[in-house]
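1. predicted model and sequence below, questions to follow.
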Amino acid sequence: MGAQQHVAYSDLQSFLGALEEAGQLRVVTAEVDPVLEIAEIADRVSKSPAVGNASPPEFDPHHGGYGGIALRFDNVKGSAIPVAINVFGSYQRMRMALGVESFAELAQRVQELVKPQMPTTLIEKMKKLPELARLAGFGPKVVKRGMCQQVIHTDGASLLDLPIIQCWPHDGRSGYGGKPVMDGSEPDGTGRYITFAGIYTKDRESGERNVGMYRVQVFGPKLAAMHWHIHHDGARHFRGYRAKGERMPLAIVLGGEPVLPYAATCPLPPDVSELLFAGFLNGGGIELVSCRTIPMEVPANAEIVIEGWIDPKETLIEGPFGDHTGFYSLADRYPAFHVTAITHREEPVYPATIVGKPPQEDYYLGKATERIFLPLLKMLVPDINDYSLPMFGAFHNCVFVKIRKEYPMQARKVMSGIWSAGQMMFSKMIVVVDEHVNVHDEQDVLFHLGANVDWRRDVTVVDGPCDILDHATPYYGTGAKIGIDATRKMAGEGVVREWPEELEMSDEVRSLVERRWKEYGI
Ligand SMILES: Cc1cc2nc3c(=O)[nH]c(=O)nc-3n(C[C@H](O)[C@H](O)[C@H](O)COP(=O)(O)O)c2cc1C
Ligand SMILES: [Mn+2]
């Protein structure tokens with residue numbers, strides 16, 4: 001498990017305290033409107049230079065310096081509860097949230113987890129024991145009491161008491177983005193969305209838990225719509241209940257251990273528990289308490305928990321919503337959620353995020369995943385040396401991959417592997433380069449793409465599942481994906497003429513010039 005030291009934070013407010021101490025939090029006391037004003041402030045701050053250790057990490061030489069500062073708005077119009085935003089929105093804050101100096105440390109721990117070296121001698125076996133015990137200790141633990149239930153509202157619970165933000169001007173707007181002009185025959189959504197919550201569900205049969213980050217649109221004091229994509233586990237759980245005509249219990253959790261919102265975004269395989277993974281990241285199991293009105297357990301240290309049921313039949317017209325694609329995702333029908341209780345700690349803080357054109361807070365969540373999941377991706381596709389999801393690609397639009405090419409068409413094999421690896425299946429464009437290219441340097445990748453590609457010989461287009469949010473696909477959730485082989489070509493890959501060497505100065509001359517540089521007076 002490695003000897004790495006964890007600095008785990010027990011809850012959102014203690015993390016905010018640590019950020020404040022580190023000069024990473026600005027408390028805003030001026031009154032702000034949760035409708036659009038907070039979003040515009042957060043967008044500006046996300047796109048400004050990061051405070052503190054702004055030097056980009058080695059794997060992201062060009063974009064590491066963004067992210068500004070985390071914000072807490074203490075005086076939000078219409079609510080007594082402060083809003084925290086951009087809390088995870090820089091490399092330094094993301095590392096702090098995960099309690100590490102670098103994501104590589106975590107990648108190393110994941111590597112050790114998934115590739116246990118089989119102990120051969122008895123002594124080695126005994127040495128392994130504490131490790132296994134620790135792994136067992138990462139599972140969630142149900143406890144009697146939790147601060148998330150210091151205050152309990154049932155009949156009087158209202159979503160409208162929370163400082164729920166509106167992110168973009170057309171969010172939820174009637175007559176925009178495929179949404180009919182509402183005529184009062186069914187409920188109309190507000191423009192307000194819960195954006196930074198973990199959605200807790202259980203499989204109807206197996207009881208398997210899932211936590212996913214899905215946006216929730218507010219329709220009224222006790223009514224909301226759940227925007228989960230058909231490929232995600234929450235939607236799968238719901239299909240299980242719907243098939244039986246039963247309502248599904250669901251909890252919306254805000255805050256808790258800072259590893260929780262991250263784990264909720266992780267592309268874990270369907271049978272891997274986000275709570276176990278969060279416990280692993282946290283260095284100890286997450287404590288859960290039983291909900292008051294539904295059969296569900298939620299993190300004891302959460303700020304706010306919204307309990308309720310998803311109706312098996314009722315749907316609401318959800319959207320439009322300004323999304324991480326940089327466009328509004330169109331309105332569509334999603335299941336209705338009925339609130340039965342809102343519980344919270346005394347003096348809670350409400351966490352939120354906005355998505356839009358990059359860079360924004362989600363970029364750093366994505367980059368943490370890119371690094372932490374490299375060992376897992378390598379397990380599935382061992383040819384992969386490194387990869388990058390460049391900022392402009394907004395997660396699914398582009399992947400740069402580098403391989404040590406050893407046989408013809410290896411790049412095509414790698415593309416197929418990526419298109420079958422979990423949520424990487426959504427990758428709309430894959431560019432494969434040779435080992436000497438820096439996949440984290442867009443110029444370097446695009447240089448080799450421009451130079452090494454013959455567009456008839458080196459391009460593959462396949463059809464398959466695409467991101468639900470991709471508005472360019474001809475059909476909802478399906479379309480074409482492109483793979484571009486920008487590696488040096490070899491025999492067996494079609495017509496290949498003599499391939500020239502890439503320019504490089506000799507080592508001898510380079511070190512001579514280095515040695516003499518001062519002499520030149522340049
Ligand atoms: C800020 C943010 C917002 C997200 N919003 C949604 C959403 O509204 N619906 C959705 O299905 N996925 C959304 N996602 C992506 C999922 O959280 C992510 O794919 C996760 O791995 C899904 O988990 P699951 O496979 O357990 O369902 C969002 C991710 C982030 C970082
Ligand atoms: Mn899951």
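-> Structure received. Ligands and ions are numbered 1, 2, ... in the order given.
2. S427 versus T487, what's the distance?
-> 17 Å (CB to CB, to the nearest Å). Quick note: C-beta positions are derived from backbone N, CA and C, even for glycine.
3. nope, R109 is what I meant
-> 26 Å.
4. hang on, R516 in a helix?
-> Yes - when DSSP: H, G, I helix; E, B strand; the rest coil is applied, R516 is found to be in a helix.
5. just give me the neighbour total for it.
-> 9 (other CB atoms under 10 Å).
6. quick one: low-confidence parts of the stretch 301-450 of the chain?
-> Within the stretch 301-450 of the chain, no stretch has pLDDT under 70.
7. equivalent analysis for the stretch 51-200 of the chain, please.
-> Across the stretch 51-200 of the chain, the ranges flagged by pLDDT under 70 are 116-135.
8. residues from the stretch 101-250 of the chain in reach of ligand 1?
-> Neighbours of ligand 1 within the stretch 101-250 of the chain, by CB under 6 Å from any ligand atom: 210, 212-215, 227-229, 232-234.
9. go again with 8 Å.
-> Within the stretch 101-250 of the chain, the positions lying close to ligand 1 (CB under 8 Å from any ligand atom) are 195-196, 210-215, 227-229, 231-236.
10. kindly report the same for the chain.
-> 195-196, 210-215, 227-229, 231-236, 264-268, 270, 274, 321, 324, 353, 355, 361-362, 365-366, 423, 468.
11. mind naming the longest strand for this protein?
-> Assignment by DSSP state E gives strand 302-318 as the longest strand of the chain.
12. packing partners for it?
-> Counting contacts by 3 or more CB pairs under 8 Å, 6 or more residues apart in numbering; DSSP states H and E, strand 302-318 packs against strand 215-220, strand 223-227, helix 233-243, strand 248-255, strand 332-344, strand 350-352.
13. following the fourth one, which helix or strand shows up next?
-> The reference is to strand 248-255. Next along the chain after strand 248-255, taking DSSP states H and E as the criterion, comes helix 259-265.
14. what ranges does the stretch 351-500 of the chain have for its strands?
-> Using DSSP state E, counting those that start in this stretch, the strands of the stretch 351-500 of the chain run over residues 384-388, 399-403, 429-434, 459-465, 478-485.
15. of all these, which lies closest to ligand 2?
-> strand 459-465 (16.7 Å; CB to the ion).
16. mind listing what's buried along the closest one?
-> In terms of neighbour count (16 or more other CB atoms under 10 Å), strand 459-465 has its buried residues at T460.
17. got the domain ranges for this protein?
-> According to automatic domain parsing, the chain comprises the domains 136-352, 381-485.
18. most packed of the helices and strands packed on strand 302-318?
-> Counting by mean count of other CB atoms under 10 Å, strand 350-352 has the highest mean neighbour count of those, with a mean of 27.
19. tell me what that strand is packed against?
-> strand 83-85, strand 248-255, strand 302-318.
20. any chance of a markdown table for these, columns distance to K378?
-> Formatted as a markdown table, the helices and strands packed on strand 350-352 follow (distance: least, CB to CB, whole Å):
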| stretch | distance to K378 |
| --- | --- |
| strand 83-85 | 35 |
| strand 248-255 | 32 |
| strand 302-318 | 34 |
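21. pull up the gap between the residue of the stretch 101-250 of the chain found nearest ligand 2 and N210, please.
-> Closest to ligand 2 within the stretch 101-250 of the chain is D233: 3.7 Å, counting by CB to the ion. In this view, D233 and N210 are 4 Å apart by CB to CB.
22. please, which helix or strand holds the residue in the chain sticking out farthest from the centre?
-> Going by CA atoms, centre = their mean, the residue of the chain most distant from its centre is E519, 51.0 Å out. Assessed by DSSP H and E, E519 sits inside helix 507-520.
23. just the CA atoms of that helix, as PDB, please.
-> What follows is helix 507-520, C-alpha atoms only, in PDB (Å, rounded to 0.1, in the frame of the first residue of the first chain):
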ATOM      1  CA  ASP A 507      24.600  14.800 -28.500                       C
ATOM      2  CA  GLU A 508      28.200  15.900 -29.000                       C
ATOM      3  CA  VAL A 509      27.300  19.300 -30.500                       C
ATOM      4  CA  ARG A 510      24.500  19.900 -28.100                       C
ATOM      5  CA  SER A 511      26.800  19.500 -25.100                       C
ATOM      6  CA  LEU A 512      29.500  21.500 -26.800                       C
ATOM      7  CA  VAL A 513      27.100  24.400 -27.200                       C
ATOM      8  CA  GLU A 514      25.800  24.000 -23.700                       C
ATOM      9  CA  ARG A 515      29.400  24.200 -22.300                       C
ATOM     10  CA  ARG A 516      30.300  27.200 -24.400                       C
ATOM     11  CA  TRP A 517      27.000  29.100 -24.100                       C
ATOM     12  CA  LYS A 518      28.300  31.900 -21.800                       C
ATOM     13  CA  GLU A 519      31.200  32.500 -24.200                       C
ATOM     14  CA  TYR A 520      28.900  33.400 -27.000                       C
END
